[in-house]
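Engineer: Okay, predicted coordinates and the sequence, questions at the end:
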Amino acid sequence: MRTTILDYGLSFNRSDVADELTGTDEHFRNEFLSLPEANVGGGDRRDPRSDYTAICGLLYFCLTGNYPEWLRDSNDTPPHKREGRSIGEALGEHPMISHLDAFFQTGFAANIADRFQDLDDVTERLRAILDSAAAPPPEDPIIVAVRASERLRRTNRPVQLGEFGKAITPVLQQINAYVTGNLLGKLGFFQIQPIGSNIATLPNLPPDIEDVTCVLSFLVRAEHCARQEMLLYRVGATGNEAIIFQTVIPMSQLQHGMMAGHQKPFEAQWREVFRYPGVSPPEKQLLIDDFKRSLNELMERFDETKPDVVSRLG
């Protein structure tokens, strides 16, 4: 059995009679935890803060099996940070490690003024550490995000519609890229202008359809006359299906204002282009083929317009 004396109270008692007692200024190093204030002449050997430090030393010993010995070794390292004797090495990946490190950083401060100053402070910090140990360790945020995301996808309608929009947006962007890369400036007397979603008031979808807030629109003009119409695609949803709708907004509506300031929604006869699982949009080429057919029909209709409808030639 290894026995260690932790306190030498008699050495602090002044006595002029009992020769067998040690003198007031004598000291004998405490092998368990030697404190600087107890080993210098004139030090306050009755300071209760030294006892609070001893409590920290006892806790350190119970956790690691090592004596703290000195508050600082030759490398100025406190007991709980020393290689081979640290709290982390003794407890491994325990959730209390960071709390204990902070506790001992205060408890083993070299300057007594930086240590625990009263017993309530010591006990409150220890209770907080125990409370942290009782709480379950936090999960990896990535794992929580996966679980919560799946739950939102199943139960939260705005999230579901957002997923529908996220899936179809790249396809609509590819159609826009096809127009700007293949058709601009190549349609003879016709001009096509992508206008995105900069429309003040979109035509209402059918009443039983939810808005996925994805829009693709083009303004088609005929040179030398005032004829222009808008070719518009819009995405809606019902249940677990998304629907791509298409319509043409005629000149009679456009001339009342298309951008900001237009108060009433455009009237539209929506045509259902594709119906598909919301997160599995149709292939880009299918939409481009539909766009080509719609554009061709629109330009042919311009050509068939009666002269009294077409403005004067430029």
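Structural biologist: Yep, that arrived. Numbering: from 1, shown residues only.
Engineer: tell me the contacts of R234?
Structural biologist: 202-203, 205, 214-216, 244-247, 270 (CB atoms under 8 Å, 6 or more residues apart in numbering). To be clear about C-beta, it is placed using only N, CA and C from the backbone, and glycine gets the same treatment.
Engineer: Go through the residues you listed and name the one nearest E89.
Structural biologist: Checking the contacts of R234 against E89 by CB to CB gives C214 as the nearest, at 56.4 Å.
Engineer: Narrow the contacts of R234 to those in strands?
Structural biologist: With strands taken from DSSP state E, the overlap with those comprises 214-216, 244-247.
Engineer: Where does the prediction get shaky in this structure?
Structural biologist: 1-29, 40-45, 133-135, 137, 196-200, 254-265, 303-314 (pLDDT under 70).
Engineer: can you list the residues that contact stretch 47-58?
Structural biologist: Stretch 47-58 is contacted from outside by 6-7, 32-33, 35, 37-38, 67-68, 71, 79, 103-104, 107-108, 112, 115-119, 121-122, using CB under 8 Å, 6+ apart.
Engineer: again, only this time at 6 Å
Structural biologist: 33, 35, 68, 107, 112, 115-116, 122 (CB atoms under 6 Å, 6 or more residues apart in numbering).
Engineer: Next, the buried residues of that stretch.
Structural biologist: Neighbour-count burial for stretch 47-58 flags 49-50, 52-54, 56-57 (criterion: 16 or more other CB atoms under 10 Å).
Engineer: what's the spacing between that stretch and its chain's center?
Structural biologist: Here the centre of stretch 47-58 is set off from its chain's centre by 43 Å, with CA atoms, centre = their mean, to the nearest Å.
Engineer: Based on its surroundings, how many neighbours for D131?
Structural biologist: 10 (other CB atoms under 10 Å).
Engineer: Next one: it from R153, what distance?
Structural biologist: 36 Å (CB to CB, to the nearest Å).
Engineer: repeat for M299
Structural biologist: M299 is 42 Å from R153, by CB to CB.
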